[in-house]
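Asks: model this:
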Amino acid sequence: MQEMQLIYYNELPSWHLKQCFAYLSFIFPCEYPSVEENELTRLWMAEGFLGAVHVDSNSSSSSCSPQPQPEDLAHNCIQELGRRSILSVYTDKRDNMTECYLDNELISGLSRFVAGKDRFCMDDGNADVKETIPRVALTSKNFYVSNGTLSSLIENNKSLRTLLWDGQLSKFPNGVNLRFSACDAIFCAFKSLRVLKLRDLGIKILPVSIGELKSIRYLDLSRNNMKTLPSSIGKLKLLQTLKLSHCLQLRELPNEVKYLVSLRHLEIDECLHLSHLPATLKKLTKLETLSNFVVSTLNNHKRILGFKELVNLNNLSGQLEISHLERLKFVDGHHDAAAYLKEKQHLKRLILNWNHDNDHEDNKRDDERSLEQLEPHPNLQQLHIVGYSGVKYSSWLSSLNNLVDLSLNNCSKCESLPLEQFPKLKYLHLRRLDSLKYVIDQDDRCSWLEPEHLQYLSITDCPNLMSWWKGNTDNKALLFGAIKRMEIRYCPKLNSLPLFPNLDESLELEGSSVKPLLDTINYSGMASNSSSDWPLSRVKHLTIKNVEQHSLLPEDWLRNFVSLRYIHISERMSLIKGFKHLHSLSIMIIENCTLVDLSRDEWEGLQSLDLLILYQLAKLESLPKGIKHLTSLTYLDIETCPELKTLTEEIGHLKSLKTLCIIDCHKLASLPKGMINLKSLNWLLIRSCPLLLPRCQQGTGDDWPKIKHIKHIQLVGASEAYDQ
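Replies: Numbers count the residues shown, from 1 in each chain. You can find the predicted model right below:
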């Protein structure tokens, strides 16, 4: 087997690709199920693996093509490893984020074998580093500095190139706290480090000795507690990636960042106390990633990076968030500001965030002026606007011909949407638009009455939204032609939408009218004898919670959902007829339905049901006898059913059941004899069931003989918990 694996490895077309492959064993220990393509690229780049990476001879590149960037070379590597079934590559079409998985154990073993002694990944029984190893990952769930591992590492590995230490993988109740002295020891001892991750380790103060890491290319200090960085960080002239995300106490960056002349990626998202960026940042012209630009209250101060300095950073790519835009003040007649963002042709996602602490009338005028000056390049694909107090949107929106994703959040004064300007839009997210009454406030000629490309629609907390269109347009003639996912939450007045019979992924309806669903169920344009052609027959996930006008639904409204795999129904639903048609259903959750009737003889249709949760069913007195048909059921949870008095004897037919949870059922007085037949059941939890718990006590309880074969029994509320 090992010889076959080596042949597989030797067939990789270049030494660089073999290095990249071997490195996978180092960053894919069992704690890391996946890694983002951007992260993998930056690590490979820091390690120096991205040299003349082999490009397939069939590629269209030629000798006169420009020199490929490291990101392009890494992408080629990942695609090649994907083609060879070494990596599984998944790209989120909305976020354009690519995740890489190494999920084949044979490939993982080969990667570890070819890496040999170049790597060390600590596990629970392996804490002593006695030999020279260039790369170390501290991922043990029980590791701490005091056990001597750090001392052993320092003593034997002065030439360490890579150290990855992630405190998120710790199981300590309060996490790991890396002391100042330990940090200082790491910086002073490992001066050859190229990659260093000290993530989520409770670091409060960084020693000035961090400036000793003259070879460092990749530095991850995210999720720590520093308020600032030492000025000596400016000595890291080879640093390419600096990650400070979720450093919630970080107040400022030192002016010395101007000396980080190789810096390409600066991640400072979710640094909530960061008040400004230093003016010297404008000198980092190689910068490609700046995850957040913080507008300062002292925007014109010479030591603070003002909005004008964004003009110099035209290599920015990917995502840029501009926060605290309420601090930005433009005067009338100021027109040169358009260049701030318009030249940034590599940006794909732009987030514009206002954070007003009052509802002053001036906010409307100021926000409209600010938005007018923030025109992005037409290449922009995703635009998210948060906290905008203006009524109208800017004229430049019409230039965004490539926009596919639009999100408007907490734009409380917005009365209309300029959707007709975005012919390619696929994703639309509307949240907390208090003044919005109609999505399309136009006449019948507007193409967005029936959006052609829209695939994902989410509308949440729009209390005054009444209809998709204004006027008397007949919705029976209008369709969402390409829609895949739809979420409508807390829009109680929304009664009219284009129909969505071809919806093929998920539907979530919560705190809203059931009328759009009813109209779609009754759509006659797909008339067919085949259930696979009925409206909504392609939906896989369905969530219905606390809907208005639920009584309008026909009694067997579920019969159309023949492809359904997941259903969650909660509150106000009288439920249920028609679930015998749900042959593909795997998960069913029924919650807080006061009028629920589970006695109908329809359970035999649920041959594929794997998980069933019954929660807060006030009138449920017994499990239905039809439950015996759920032969594939592995998990059953019955919780907070105050009138439940008995479990049916038919529970003994659930041959596949592995987990049974019974919680807060105060009238349940005994277990059925059929429990003895549940040979696959290996976990039983009974909690807050005062009549049942005494009967299940080991040796003395009347029901103990029925359950003594179960491997794990947990009785909560009794004096003991049994784990056989």
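
Asks: Can you report how many residues neighbour the residue lying closest to residue 40 once chain neighbours are set aside?
Replies: What sits nearest to residue 40 in space, not counting adjacent residues and going by C-beta to C-beta, 6 or more residues apart in numbering, is residue 100, at 6.0 Å. All C-beta atoms are positioned from the backbone trio N, CA, C, and that covers glycine. When neighbours are counted by other C-beta atoms under 10 Å, residue 100 registers 21.

Asks: tell me which element residue 100 falls in.
Replies: strand 97-101 (DSSP states H and E).

Asks: That strand: how far from the chain's middle?
Replies: With C-alpha atoms, centre = their mean, to the nearest Å as the basis, strand 97-101 stands 12 Å off its chain's centre.

Asks: Likewise for stretch 194-205?
Replies: That offset, for stretch 194-205, works out to 23 Å (C-alpha atoms, centre = their mean).

Asks: May I see the buried residues of it?
Replies: 194, 195, 196, 197, 198, 199, 200, 201, 203 (16 or more other C-beta atoms under 10 Å).

Asks: Grab the two from these that are most spread out in space.
Replies: Using C-beta to C-beta, those span at most 21.3 Å, a distance reached by 194 and 200.

Asks: circling back: who touches the strand holding residue 100?
Replies: 33-38, 40, 78, 87-92 (C-beta atoms under 8 Å, 6 or more residues apart in numbering).

Asks: Could you export those as a markdown table, including neighbour count and distance to residue 416?
Replies: Shown next, in a markdown table, are the contacts of strand 97-101 (neighbours: other C-beta atoms under 10 Å; distance: C-beta to C-beta, whole Å):
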| residue | neighbour count | distance to residue 416 |
| --- | --- | --- |
| 33 | 10 | 44 |
| 34 | 16 | 41 |
| 35 | 19 | 43 |
| 36 | 12 | 37 |
| 37 | 19 | 38 |
| 38 | 17 | 37 |
| 40 | 23 | 43 |
| 78 | 20 | 43 |
| 87 | 27 | 46 |
| 88 | 14 | 44 |
| 89 | 14 | 41 |
| 90 | 12 | 37 |
| 91 | 11 | 34 |
| 92 | 9 | 30 |
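
Asks: Out of those residues, list just those in helices.
Replies: The members of these that map onto helices under DSSP state H are 37, 38, 40, 78.

Asks: circling back to that earlier point, list just the nearest of the contacts of strand 97-101 to residue 545.
Replies: residue 92 (25.8 Å).

Asks: Contacts only, for the closest one.
Replies: Counting by C-beta under 8 Å, 6+ apart, residue 92 has contacts 98, 99.

Asks: Show me the beta-bridge partners of it.
Replies: residue 97 (DSSP bridges).

Asks: do residue 195 as well
Replies: Legend: beta-bridge partners of residue 195 under DSSP bridges are residue 162, residue 218.

Asks: which residues touch it?
Replies: Applying C-beta under 8 Å, 6+ apart, the residues contacting residue 195 are 43, 46, 47, 161, 162, 163, 164, 216, 217, 218.

Asks: and what of residue 354?
Replies: 324, 325, 326, 367, 370, 386, 387, 388, 389.

Asks: Which of the residues you listed are buried, as a ChimeraX select command?
Replies: In ChimeraX syntax, the buried subset of these is picked out as below (16+ other C-beta under 10 Å):
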select :324,325,326,367,370,386,387,388,389
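
Asks: Adding distance to residue 694, secondary structure and pLDDT, write the contacts of residue 354 out as a markdown table.
Replies: What follows is the contacts of residue 354, written out as a markdown table (distance: C-beta to C-beta, whole Å; DSSP: H, G, I helix; E, B strand; the rest coil; pLDDT from 0 to 100):
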| residue | distance to residue 694 | secondary structure | pLDDT |
| --- | --- | --- | --- |
| 324 | 60 | coil | 90 |
| 325 | 63 | helix | 90 |
| 326 | 62 | helix | 89 |
| 367 | 65 | helix | 90 |
| 370 | 68 | helix | 87 |
| 386 | 55 | strand | 97 |
| 387 | 57 | coil | 95 |
| 388 | 61 | coil | 95 |
| 389 | 62 | coil | 93 |
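
Asks: Among the contacts of residue 354, which one lies nearest to residue 250?
Replies: Using C-beta to C-beta, the contacts of residue 354 come closest to residue 250 at residue 324, 15.1 Å.

Asks: burial count for the residue lying closest to the closest one once chain neighbours are set aside?
Replies: Leaving aside its sequence neighbours, residue 324 sits nearest to residue 295 (C-beta to C-beta, 6+ apart; 4.6 Å). Counted with other C-beta under 10 Å, residues neighbouring residue 295 total 23.

Asks: mind putting the contacts of residue 195 in JSON lines, pLDDT and distance to residue 496 included?
Replies: What follows is the contacts of residue 195, written out as JSON lines (pLDDT from 0 to 100; distance: C-beta to C-beta, whole Å):
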{"residue": "43", "pLDDT": "93", "distance to residue 496": "51"}
{"residue": "46", "pLDDT": "94", "distance to residue 496": "55"}
{"residue": "47", "pLDDT": "91", "distance to residue 496": "57"}
{"residue": "161", "pLDDT": "88", "distance to residue 496": "62"}
{"residue": "162", "pLDDT": "88", "distance to residue 496": "58"}
{"residue": "163", "pLDDT": "88", "distance to residue 496": "59"}
{"residue": "164", "pLDDT": "86", "distance to residue 496": "54"}
{"residue": "216", "pLDDT": "97", "distance to residue 496": "59"}
{"residue": "217", "pLDDT": "97", "distance to residue 496": "56"}
{"residue": "218", "pLDDT": "97", "distance to residue 496": "53"}
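
Asks: quick one: low-confidence parts of the stretch 551-700 of the chain?
Replies: Within the stretch 551-700 of the chain, the stretches with pLDDT under 70 are 572-577, 594-597, 599-600.

Asks: Strands of that one, start to end?
Replies: Under the criterion DSSP state E, counting those that start in this stretch, the stretch 551-700 of the chain carries strands at the ranges 566-570, 587-591, 611-615, 635-639, 659-663, 683-687.

Asks: how far off strand 611-615 does the first one point, in degrees?
Replies: Relative orientation of strand 566-570 versus strand 611-615 (axes from the mean of the first three to the mean of the last three C-alpha atoms, to 10 degrees): 0 degrees.

Asks: Run me through the strand neighbours of strand 566-570, direction for each.
Replies: Strand 566-570 has these strand partners (DSSP bridges): strand 541-545 (parallel), strand 587-591 (parallel).

Asks: cool, the last one as well?
Replies: Under the criterion DSSP bridges, strand 683-687 sits next to strand 659-663 (parallel), strand 712-716 (parallel) in its sheet.

Asks: what's the most buried one of the ones you listed?
Replies: strand 659-663 (a mean of 19; mean count of other C-beta atoms under 10 Å).

Asks: That strand: how far from the chain's middle?
Replies: Using C-alpha atoms, centre = their mean, the offset of strand 659-663 from its chain centre is 29 Å.

Asks: outside of it, which residues touch it?
Replies: With C-beta under 8 Å, 6+ apart, strand 659-663 has contacts from 634-640, 668, 678, 681-689, 692.

Asks: still on that earlier bit, need the strands paired with strand 566-570 in JSON lines (columns: mean neighbour count).
Replies: What follows is these, written out as JSON lines (neighbours: other C-beta atoms under 10 Å):
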{"stretch": "strand 541-545", "mean neighbour count": "19"}
{"stretch": "strand 587-591", "mean neighbour count": "19"}
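
Asks: Switch those over to a markdown table; also include distance to residue 674.
Replies: Converted to a markdown table, those look like this (distance: least, C-beta to C-beta, whole Å):
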| stretch | distance to residue 674 |
| --- | --- |
| strand 541-545 | 31 |
| strand 587-591 | 21 |
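
Asks: So which of those is nearest residue 403?
Replies: Smallest distance to residue 403 across these (C-beta to C-beta): 27.0 Å, for strand 541-545.

Asks: need the helices for this protein, in chain order.
Replies: 2-10, 15-27, 37-47, 70-83, 105-115, 149-156, 180-189, 339-342, 362-372, 515-521, 704-707.
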